[in-house]
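Colleague: Here is my input, please return the structure:
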Amino acid sequence: MNFDVTAIMTKNPSWISCNASIKESIDLLNATNLSHLLVLDDKELIGIISKNDLLEKFFDITNTSSGKMYSTMVLNHTKVKSLIKNIPITINDTSSCHNAMELMIKNKVHSIPVLNDEKEAIGIITPTDIMYALYRDNI
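Modeller: Modelled structure (predicted):
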């Protein structure tokens, strides 16, 4: 796979403000049928959240809450930024797909935001993107 990540990445990735509620992020993921959302503070990428992150938080809330009304309140008032665990692993838009695979394996992540020279998130690459490229190119 000797081509740039831009050849197979998902362009214009979906994002959410770090100040949005967990409920808003769940609604956005459900509406777009995506697995990951970039988390931005103004225009700066500060994290990435997945459906799995949201499920973990949802189960934490429901297991420790005293009812549906409380759980709903927590989901509506807890900010997305509380889910961010680490600085996101990113890759430059001129990097190869091979580099993206190495980063995913080394860091045990399932998605990597693709940044341009201005550090703007212009895409996201996942194992599904890589598998599709392999299938398409019969590699």
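
Colleague: Going by C-alpha atoms from here, please, whenever you check contacts or count neighbours.
Modeller: Will do.

Colleague: ok, now how distant is S95 from C18?
Modeller: Separation of S95 from C18 (Cα to Cα, to the nearest Å): 27 Å.

Colleague: Grab the most central residue of this protein for me.
Modeller: With distances taken as Cα atoms, centre = their mean, H36 lies nearest the centre of the chain, 3.3 Å away.

Colleague: That residue bridge partners, please.
Modeller: Beta-bridge partners for H36, by DSSP bridges, are S50.

Colleague: when you give positions from now on, start the count at 19
Modeller: All set: I'll call the first residue 19, so the last point we hit is now H54.

Colleague: if we can go back for a sec, more neighbours, S113 and C36?
Modeller: Comparing S113 with C36 by other Cα atoms under 10 Å, the one with more neighbours is C36, at 23 against 16.

Colleague: Can you give me every residue that contacts the more buried one?
Modeller: By Cα atoms under 8 Å, 6 or more residues apart in numbering, C36 lies in contact with 57-59, 97-99.
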